[in-house]
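A.B. asks: please work out how this folds:
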Amino acid sequence: MTTDAATGMSHTRARAATGILAVFQVGAYVLGAVMLVAEGAVHIQQYISLLHRVSWIGPLFLANAAASVVIAISLAFGRIRQIAAFAGVVTPVLALGSLVISYGNGLFGWQEGGFRTPVAVALIAELGAVISLAGGLTARAARGKLDS
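C.D. replies: Next up is the predicted model:
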């Protein structure tokens with residue numbers, strides 16, 4: 001049995017670990033895409049029901065929804081998957097940061113008042129997207145180390 005000097009693993013174990021990481025990576029990207037679509041759906045629903053007349057915030061909700069859906073679709077294409085996954089981490093982080101600011105002094109004239117169900121759903125979707133896509137990117141990096 002031969003071992004790899006860089007990882008200290010046998011080639012058989014390294015191959016098995018690479019396979020497990022590949023499956024995890026795909027699962028993480030699929031879950032991340034689902035979470036991004038959920039985030040986009042919540043933002044569209046909130047735009048239609050509440051924010052369509054709020055300048056700046058309303059259009060930003062639509063932009064977030066569009067970005068979330070485009071990123072989710074982009075995760076299906078291998079050539080741009082890592083960039084899409086990174087964008088899929090950044091977009092929800094910005095949305096979460098904006099939500100935190102809106103609970104304080106407000107954001108562009110909008111101040112969130114209370115913890116509503118759509119806010120909870122958005123939090124779950126955004127945190128889920130960040131965690132799963134960051135996990136997918138980490139698995140990709142680990143696979144690269146095992147392959148080299």
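
A.B. asks: where in the protein is pLDDT low?
C.D. replies: Applying pLDDT under 70 to the chain flags the ranges 1-19, 143-148.

A.B. asks: name the nearest residue to the residue positioned nearest the centre of it, ignoring sequence neighbours.
C.D. replies: Centroid-nearest residue in the chain: Ala129, 3.2 Å away (criterion: C-alpha atoms, centre = their mean). Among residues not flanking Ala129 along the chain, Met35 sits closest, at 3.8 Å (C-beta to C-beta, 6 or more residues apart in numbering). Where C-beta positions appear, they are placed from N, C-alpha and C, glycine not excepted.

A.B. asks: contacting residues around the one you found?
C.D. replies: Pro92, Ala125, Glu126, Gly128, Ala129, Ser132 (C-beta atoms under 8 Å, 6 or more residues apart in numbering).

A.B. asks: let's see 6 Å
C.D. replies: Counting by C-beta atoms under 6 Å, 6 or more residues apart in numbering, Met35 touches Ala125, Gly128, Ala129.

A.B. asks: just the element for it, please.
C.D. replies: Per DSSP states H and E: Met35 is located in helix 11-46.
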